[in-house]
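Engineer: A predicted structure for the sequence below; I have some questions about it.
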Amino acid sequence: MPAGIRDKVAILGMGCSKFGERWESDAADLMVEAFTEGVKDAGIETKQIDAAWLSTAIEEQHVGKSAVPLATALRLPFIPVTRVENFCASGTEAFRGAVYAVASGAADIALALGVEKLKDTGYGGLPQRGRGTLNNQTWPNLSAPGLFAQLGAAYRAKHDVSRDDLKRAMAHISVKSHDNAARNPKAHLRNRITMDTVLNAPLVADPLGLYDCCGVSDGAACAIVTTPEIARSLGKTDLVSVKALQLSVSNGLEAQHNSWDGSYFHTTRVAAKRAYQEAAINDPRKEISLVEVHDCFSVTELVTLEDLQLSAEGDAIADVLDGFYDADGSIPCQIDGGLKCFGHPIGASGLRMIYEMYLQILGRAGERQRGTRPRLGMTHNLGGFPHQNVCSIAIVGRYGD
Amino acid sequence: MAFGILAAGAYIPRLRLQRKAIIDANRWFAPGLSSLGKGERSICNWDEDTITMAVEAARDATIGRARREIKSLYFASTTFPFLDRLNAGVVAEALSLPDDLIALDVASTQRCGTSALAQALRGTEASIVIAADHRRTRTASSIELTAGDGAAALVVGEGEPIARLLASARSTVDFVDHFRTAESEYDYQWEERWIRDAGYMTIVPPVIARCLDAAKLKAADVTHFCMPAMVPRVVGAVAKAAGIVEAAVADSLAAVCGDTSAAHPLLLLVSVLERAKPGDRILVVGFGQGADALLFECTGEIDLKGRLGNAGHLARRREETNYPKFLAFNDLIEIDRGMRSETDKQTPLSSLWRNRDTVTGMIGGQCTVCGTIQFPITRVCVNPNCNAVDTQEPHPFAGKTGRVNSFTADRLTYSPDPPACYGMVQFDEGGRWMMDFTDVEADKLEVGMRMRMMFRIKDVDAQRGFRRYFWKAAPVDNAEGGM
């Protein structure tokens, strides 16, 4: 195991736009909105940034290819800018690029910015798009909810869970996220909902109903990172540093090899294990203070809690229904509303998750601030589908802790 | 060893549209159709066409036989999806037939099936003759009620035949009872009484007489008479005129399937072969710009068990009473398919060619180092404890069964027949694939369900008129234990 990234890089500042149906804004406007907050928070000027990473996933829907759109929107002074795409985990990929640049010494200050402008399709839900020439010929006529829904069937078969129990736990997850987002002024969906609303909603892809699916939002988020030393030299005292950054990418095993049963994320289990090692965490259920998981669908959140070893295998339903992951529970999950309600502008989502951890650890989360200031926050950013995906895990915490 | 029909198979789509639904919807306009309102007709699912039905009929006919022995493939239809792309070539590739095959599309007349069979029987090598039709019909036309969709296939060659050809005869005249051109989508038909008197009654009996003469047999020697006719009350009249006893007239399948057009003479032959006794003589007649007559004698070898055939496919049935759905499946009404249907479905032909074994043949790989069976075939073995490079031998998946590992019924993604059902299928021998399901009801899906592969339309590229095919998983019915 390599020495890892732990405490080598600190977050100098972060920004996040309002997420939602931003009919009035182009992607460039959203980038500027997030960056203006981030650069002010960092207390630097644009010209102090040495390198930048832009994350977008469905670029054909808004900015087009390459890193030029970020450089142009922010008028970056001809510095190295890289565009990254790794499905819905793109945001954490931009963050990884910036953090590694600083850790390597190649950059003193680096920017990671994610953006997605999705509401220009003319219809609800994620844009329909090609999957590649051969995949178009052999993959099923799929949608994201249809593939994630299958976790439900496989999880039920494995743990002998009734459809009702699964649906109730999934509904609790969505009710909780709506509750949390009501306290978040930047969130897309801020209305509180009831269990009945969720359970009686029309089906999108069995067993997922409308309220089991996250919204499709426009938005941007960014992080400016540097070394703890430079951060101090710039006058920062209360530092949030990166404890772990791990990425695990499917290699076809789940899709083609019969060793995977379809009820969990193989990548998440691998990435979590490595991340805990990198962050020197022995008992995640006791040590992690807060978690943001990739709750694209309620069922994803449910099985991920087990993959992250926060709930024992088969116990997630009971933990969820017990309120273990509620805002006032032992490990709040999606205290900002999550993808479900904060919103899911794809390229920005991973950075949005880290933004929330940063605010919570610094005690700046306003009405939704966790009472006891969190020590370690974990984000889980997933891209793709259960049977072939990329999983990014980031752990951030107080520097020197 | 003798030359003749070695095996037979059929395919009839599972959906059976109740004729009453057609009558009820159209009574306001065409009350005269009511007399055709009994029974049901077979209709293609949205993802079926002449090619997919031909593949299934051929698979049915070749169960238990080595397909590599087949030297020629005749594919007869009047509704080929492609005018310039060998339709028989698609079928051959889906069946993984050897590429030194003679493959012919036989078209343009209702008797192309019997003509193709007669031609195959003139040869000396093993052939497969497939006939399939999926006729497009105008709303509220009588043919909409009398037609059906289906396919039949016969393996011809040297071996232990189930039926030997005793004689054949034919006539070719340009009698135009109906026509369809490259410019017209639908049949245009002349008066039925004229077709009966000047067509069938005038053209067919002499051909039957010549055929019987050649076999040195009499009409009374015919045990089964298989002749479809798109015009009512013709078959009995022709039989009578030819001297064939009424009891010999084979059931037309009108009540349960409808007239499958170019496939129908062969489908009737298959239906009779399934119940014929050794020594039975079967006279098959195809009509269209003349007529073909083929007289067979059944041998002692008739055993069509282990396949669905005509009877099994008729039993594999789901009643459909939704007439607008039939219209939508056949593009006969313009329904609002939504913006999600607008995704470009272009097929890169170069990629299809490179990957034809994977896509059309559903051939995967088996690692020669660790034995892992996988789909698709790849350069590097997927087994995490192996990952050997370039060690995979082709492994066919199309004939394999598997079980549902996970599934969903997706109401978001665009499908011509929502919800789109798909899931992970794990094959009994190894390998798995996330794939579309077909011929399935969303509320019947469950983990562990047994599935088999069926060749289907994957996507229709409306912009360019192309359609691509791939394999989908369909439930193994209890009746299909032998698949």
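Structural biologist: That came through fine.
Engineer: how about B:G159: what's its closest non-neighbour residue?
Structural biologist: Leaving aside its chain neighbours, B:G159 sits nearest to B:L6 (4.9 Å; criterion: C-beta to C-beta, 6 or more residues apart in numbering or on different chains). All C-beta atoms are positioned from the backbone trio N, CA, C, and that covers glycine.
Engineer: how about the one you found, phi and psi?
Structural biologist: B:L6 adopts backbone torsions of phi -90, psi -30, taken as degrees, to the nearest 10.
Engineer: next, count neighbours for A:S248.
Structural biologist: Counted by other C-beta atoms under 10 Å in any protein chain shown, the residues lying close to A:S248 total 21.
Engineer: in terms of helices and strands, where is it?
Structural biologist: With elements taken from DSSP states H and E, the one containing A:S248 is strand A:240-249.
Engineer: excluding chain neighbours, what is closest to B:R411?
Structural biologist: Distances taken as C-beta to C-beta, 6+ apart put B:P419 closest to B:R411, at 4.6 Å, once the chain neighbours are dropped.
Engineer: circling back: gap between the residue nearest to B:G159 and A:I44?
Structural biologist: Distance of B:L6 to A:I44, computed by C-beta to C-beta, to the nearest Å: 83 Å.
Engineer: what of A:E116?
Structural biologist: 25 Å.
Engineer: neighbour count winner among the two?
Structural biologist: Between A:E116 and A:I44, A:E116 has the larger neighbour count (other C-beta under 10 Å), namely 31 against 19.
Engineer: not counting its neighbours along the chain, what's nearest that one?
Structural biologist: Computed as C-beta to C-beta, 6+ apart, the closest residue to A:E116 that is not its neighbour in sequence is A:P345, at 3.7 Å.
Engineer: contacting residues around the closest residue to B:P81 other than its chain neighbours?
Structural biologist: Distance criterion C-beta to C-beta, 6+ apart; nearest residue to B:P81, sequence neighbours excluded, is B:D49 at 5.4 Å. The contact partners of B:D49, by C-beta atoms under 8 Å, 6 or more residues apart in numbering or on different chains, come to B:T79, B:P81, B:H134, B:I457, B:R467.
Engineer: who wins on neighbours among these?
Structural biologist: Busiest of these [other C-beta under 10 Å] is B:H134, holding 28 neighbours.
Engineer: wait, that residue sits on B:T52?
Structural biologist: No. In this structure B:H134 lies outside contact range of B:T52 using C-beta atoms under 8 Å: 9.1 Å.
Engineer: how does chain A divide up, domain by domain?
Structural biologist: Annotated domains of chain A cover A:10-120+A:218-233, A:143-214+A:239-398 [automatic domain parsing].
Engineer: relative to B:C44, which of those domains is closest?
Structural biologist: B:C44 sits nearest to domain A:143-214+A:239-398 of all the domains of chain A, at 24.3 Å, using C-beta to C-beta.
Engineer: pLDDT on the closest one, on average?
Structural biologist: Across domain A:143-214+A:239-398, pLDDT averages out at 97.
Engineer: check which helices and strands the helix ranked longest in chain B sits against.
Structural biologist: Identified as the longest helix of chain B according to DSSP state H is helix B:201-215. Based on contacts counted as 3 or more C-beta pairs under 8 Å, 6 or more residues apart in numbering or on different chains; DSSP states H and E, the elements that helix B:201-215 packs against are strand B:163-172, helix B:235-242, strand B:281-287, strand B:290-298.
Engineer: which of those sits most buried?
Structural biologist: Highest mean neighbour count among those (mean count of other C-beta atoms under 10 Å in any protein chain shown): strand B:281-287, with a mean of 27.
Engineer: re the thing from before, closest one to B:L308 among the domains of chain A?
Structural biologist: Closest among the domains of chain A, using C-beta to C-beta: domain A:143-214+A:239-398, at 28.8 Å.
Engineer: can you count the residues close to the closest residue in space to B:I457 that isn't next to it in sequence?
Structural biologist: Distances taken as C-beta to C-beta, 6+ apart place B:D47 nearest to B:I457, at 4.2 Å, with adjacent residues excluded. When neighbours are defined as other C-beta under 10 Å, B:D47 has 25 of them.
Engineer: and the pLDDT at B:D47?
Structural biologist: Predicted confidence (pLDDT) for B:D47: 98.
Engineer: does it belong to a helix or a strand, and which?
Structural biologist: Here B:D47 is assigned to no helix or strand, by DSSP H and E.
Engineer: can you give me the helices for the stretch 251-400 of chain B?
Structural biologist: Using DSSP state H, counting those that start in this stretch, the helices of the stretch 251-400 of chain B run over B:264-273, B:309-315, B:323-329, B:349-354, B:356-359.
Engineer: again but with the stretch 201-350 of chain A, I slipped
Structural biologist: A:228-233, A:253-256, A:266-278, A:284-287, A:298-307, A:316-322, A:338-341, A:346-361.
Engineer: can you check which of those gets nearest to chain B?
Structural biologist: With C-beta to the nearest C-beta as the measure, helix A:253-256 is the member of these nearest chain B (4.5 Å).
Engineer: tell me where the model's unsure across the stretch 1-150 of chain B.
Structural biologist: Low-confidence segments of the stretch 1-150 of chain B, defined by pLDDT under 70: none present.
Engineer: contacts only, for the residue in it that chain A sits nearest to.
Structural biologist: Closest to chain A within the stretch 1-150 of chain B is B:D47: 9.9 Å, counting by C-beta to the nearest C-beta. By C-beta under 8 Å, 6+ apart, the contact set of B:D47 is B:P416, B:T438, B:R456, B:I457, B:K458, B:K472.
Engineer: phi, psi of it?
Structural biologist: B:D47 adopts backbone torsions of phi -100, psi 20, taken as degrees, to the nearest 10.
Engineer: cool, B:F466 as well?
Structural biologist: phi -90, psi 150.
Engineer: and A:K158, how many neighbours does it have?
Structural biologist: Neighbours of A:K158 (other C-beta under 10 Å): 15.
Engineer: excluding its backbone neighbours, what's nearest it?
Structural biologist: A:S263 (4.5 Å).
Engineer: kindly check the end-to-end length of stretch B:344-361 for me.
Structural biologist: For stretch B:344-361, the first-to-last residue distance is 24 Å (C-alpha to C-alpha, to the nearest Å).
Engineer: mind listing what's buried in it?
Structural biologist: B:K345, B:T347, B:L352, B:N355, B:D357, B:T358, B:V359, B:T360, B:G361 (16 or more other C-beta atoms under 10 Å in any protein chain shown).
Engineer: dump these to JSON lines, plus pLDDT.
Structural biologist: Formatted as JSON lines, the buried residues of stretch B:344-361 follow (pLDDT from 0 to 100):
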{"residue": "B:K345", "pLDDT": "94"}
{"residue": "B:T347", "pLDDT": "96"}
{"residue": "B:L352", "pLDDT": "97"}
{"residue": "B:N355", "pLDDT": "97"}
{"residue": "B:D357", "pLDDT": "97"}
{"residue": "B:T358", "pLDDT": "98"}
{"residue": "B:V359", "pLDDT": "98"}
{"residue": "B:T360", "pLDDT": "98"}
{"residue": "B:G361", "pLDDT": "98"}
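Engineer: ok, these vs A:K158, which is closest?
Structural biologist: Nearest to A:K158 out of those is B:T358 (C-beta to C-beta; 30.3 Å).
Engineer: tell me, how many residues neighbour the residue nearest to the closest one when sequence neighbours are not counted?
Structural biologist: Excluding the flanking residues, the one nearest B:T358 by C-beta to C-beta, 6+ apart is B:P376, at 4.3 Å. Using other C-beta under 10 Å, B:P376 is surrounded by 20 other residues.
Engineer: these two touch, right, B:P376 and B:G361?
Structural biologist: No. Counting by C-beta under 8 Å, B:P376 stays clear of B:G361, with 10.4 Å between them.
Engineer: chain center to stretch B:464-477: distance?
Structural biologist: Taking C-alpha atoms, centre = their mean, to the nearest Å, one finds stretch B:464-477 lying 14 Å from the centre of the chain it belongs to.
Engineer: picking that back up, can you redo the helices and strands packed on helix B:201-215 as CSV with mean pLDDT?
Structural biologist: Shown next, in CSV, are these (pLDDT from 0 to 100):
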stretch, mean pLDDT
strand B:163-172, 98
helix B:235-242, 97
strand B:281-287, 98
strand B:290-298, 98
